[in-house]
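K.L.:
Sharing a sequence plus its predicted fold:
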Amino acid sequence: MTISTVNNGSGKYSTPSLFKRYKIRFTRFWHLYTDSPFGMIGMFLVLLFVTMGVFAPILAPYDPNKTMVGERSDNPSASHPLGTDRLGRDIFSQMIYGAQISLLIGLSAAFISLVIGTLFGLVSGYYGGWIDIILMRITDFFIQLPTLPLMLVVVSLFGGGMENLILIIGLLGWTGTARIVRSETLSIKQRAFVEASKSVGAGNRHIISSHILPNVFPLIFANAILGVVNSIIAEAGLSFLGFGVVGSWSWGRVLYEAGRENAILLGAWWHFIPPGISIMLLALGFSLISFSLNEVLNPRLRER
Amino acid sequence: MDKLSLKGYISRRAFDSGFLLIITVIFNFVLFRIMPGNPALAVLGRTGQVRPEFRQVLQERYGTNLPIFDQFIIYIQRLLEGDLGVSFYYYPTEVSELIFGHRLLNTILLMGISILLSFVLAIIFGTIAASKFKSKTDLVSIFVTLTSYSTPVFWLGMLIIFYFFGQFHLIPLSGSPRIEDPKYADIFAWAIDYGYHLIGPVTTLTISFVGAWFLIARDQMLGIFLEDYITTARAKGLKERRVLFTHARKNAMLPMISVLAMAMTYLVSGATLTETVFSWDGLGLLTFDAVTYSDYPLLQGLFLLVAAVAIVSSFIADIIYAYLDPRIRY
């Protein structure tokens, strides 16, 4: 992987600017990505919900916390497209605001997981030996802890504020990434070009940053987006069980309220179908993006 | 370090696992005892559920008035005797009694059936999709499984209850029949009703697991299809099905073993969300109750069980891995 370096005669080497190189790479990637219908659908879904979240104060017809005494447990109507809950709060507005929480928690938690997981996986897989054993024992330890119950315990001990929820989901969600990055590192490390690089005396840092990382990066990148999906779903689960962010509306919390009001048995589909579909569509959006990225960035699959 | 015999590898992994188990026991003790002050008491006090007899029991059984190190010794002694303490919420029921009873059986049955079903389905779908790479079948099955992966499992359960119980009256609402219930004339009557109640939660979990495992299976198969021996097998004129299910599948099984090893933990941890939605009286629901009522001895017991199963199953998976694929030099 040498990037054309030119000796300009004065002993100095000049390379095409970093920006230009990335621009070329990105354009190539972008063409491949936009060819994939899944990727485009995914991006459309995510942008839709991002718009919904950003413009929630304008889009929502009511304050989601405002209780309207005369309009409790109303069926859908022109003024309340999805009816109202038992305290007379507008469900449609709760739904609109829900996009904010899901996106915020999903993205931040996934980022935390990504950084920790990649570091653990790379170092563990590359160096092997005692470092690998210690790091993988830590990973095993976190993997073996059942995620949701552990999240519940921590939330119930330390409270369920926004920051806590992000930290908990992020700190418990990195193990998958670490394992995948490690196993990929293990197999890449055995390949001929790494051996070759070693034999000409390349250092560990160089090998990791210019041979291992570029090769595991596609996997990491697609995996990070999948991390967003997992975080969104984890938040929904915690909120549904009643351990979510107090005071702000997430789709999981709308479902929690629907459960408390027995919406399923009362047939109040407008209370539990729309929030569930929203979670599903947003998560599907990210899943589709992740899948398409995997296809585009994974040369093994492109060869065919 | 590089070339370990299988025997050497196994004994080292056994040592690691034992070590991990000890760490888990210590962690389990520390997590629930040192957190905010003395949580066993502090938490009870905070939720206002403290009863004088609890304090009594705590002092007698855990020596909560003793220094922390002595408490740890007592904890280990109790543990070795198989004593997991007494539940706060279900007082005076023993934690071991709560865990190792009908709940464990309910969870193992629910999770076992769902995992097995999902595993087989994921491999079959994955193989078919991979063999028809980029065809309509492939794309549709990807879209469907991505959708199921993106669907919160509890909401899926709610939908299944809404449609299959509420609209079509095909399944019972919720619950898990107990064999002791006098309304069952014999064991068969119970088994039929039990199976009937299993349909909802098993369907929910299977859809969700297949969504998670399908892509892994498909990806592995795709990788295998690029290998030379598959081309050779095809060139030899072997039937496509034979190539798929004998040549390719065996090699693709490898990463699926770790998937299955992880799933073993669900076998005892249960599925908190699904069990909650369907009021399935298993360990997942018990965990939710324990958290809701701050029942720390119970949570501690549940954790220890799950952790132990996880360590053992990951140990077994690693050995199978090393046995099947000598390329993996640990």
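P.N.:
Received, thanks. Numbering: from 1, shown residues only, chains lettered A, B, ... in the order given.
K.L.:
quick one, strands of chain A?
P.N.:
A:6-7, A:13-14 (DSSP state E).
K.L.:
weakest of the ones you listed in terms of mean pLDDT?
P.N.:
Among the strands of chain A, strand A:6-7 carries the lowest mean pLDDT, at a mean of 48.
K.L.:
and the gap between the residue nearest the centre of chain A and chain B?
P.N.:
The centroid of chain A falls nearest to residue A:228 when counting by C-alpha atoms, centre = their mean (1.3 Å). Distance, residue A:228 to chain B, by C-beta to the nearest C-beta, to the nearest Å: 11 Å. C-beta here means a position set from N, CA and C on the backbone, and glycine is covered the same way.
K.L.:
Please enumerate the helices of the stretch 101-250 of chain B.
P.N.:
With DSSP state H, counting those that start in this stretch, the ranges of helices along the stretch 101-250 of chain B come out as B:102-131, B:136-150, B:153-160, B:187-225, B:228-235, B:240-242, B:249-269.
K.L.:
now what about the shortest one, what contacts it?
P.N.:
Residues outside helix B:240-242 that contact it (C-beta atoms under 8 Å, 6 or more residues apart in numbering or on different chains): B:131, B:233-234.
K.L.:
what would those residues look like in a markdown table with neighbour count and distance to chain A?
P.N.:
Conversion of the contacts of helix B:240-242 to a markdown table gives the following (neighbours: other C-beta atoms under 10 Å in any protein chain shown; distance: C-beta to the nearest C-beta, whole Å):
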| residue | neighbour count | distance to chain A |
| --- | --- | --- |
| B:131 | 20 | 12 |
| B:233 | 19 | 17 |
| B:234 | 15 | 14 |
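K.L.:
what about residue A:219, how many residues close to it?
P.N.:
Using other C-beta atoms under 10 Å in any protein chain shown, residue A:219 has 21 neighbouring residues.
K.L.:
likewise residue B:18?
P.N.:
Neighbours of residue B:18 using other C-beta under 10 Å come to 12.
K.L.:
Report the separation between it and residue B:24.
P.N.:
11 Å (C-beta to C-beta, to the nearest Å).
K.L.:
Which neighbours do those two have in common?
P.N.:
Contacts common to residue B:18 and residue B:24, judged by C-beta under 8 Å, 6+ apart, are absent.
K.L.:
quick one: which of the contacts of helix B:240-242 is nearest residue B:284?
P.N.:
Among those, residue B:131 lies closest to residue B:284 (C-beta to C-beta), at 36.4 Å.
K.L.:
pLDDT score for the nearest residue to the closest one once chain neighbours are set aside?
P.N.:
Spatial nearest neighbour of residue B:131, chain neighbours left out: residue B:244 (5.5 Å); criterion: C-beta to C-beta, 6 or more residues apart in numbering or on different chains. As predicted, residue B:244 sits at a pLDDT of 72.
K.L.:
Just give the number of residues close to residue B:244.
P.N.:
Here the count is done by other C-beta under 10 Å, and residue B:244 has 22 residues near it.
K.L.:
Likewise for residue A:287?
P.N.:
So residue A:287, with other C-beta under 10 Å, has 28 neighbours.
K.L.:
what does residue B:187 give?
P.N.:
Count around residue B:187 with other C-beta under 10 Å applied: 10.
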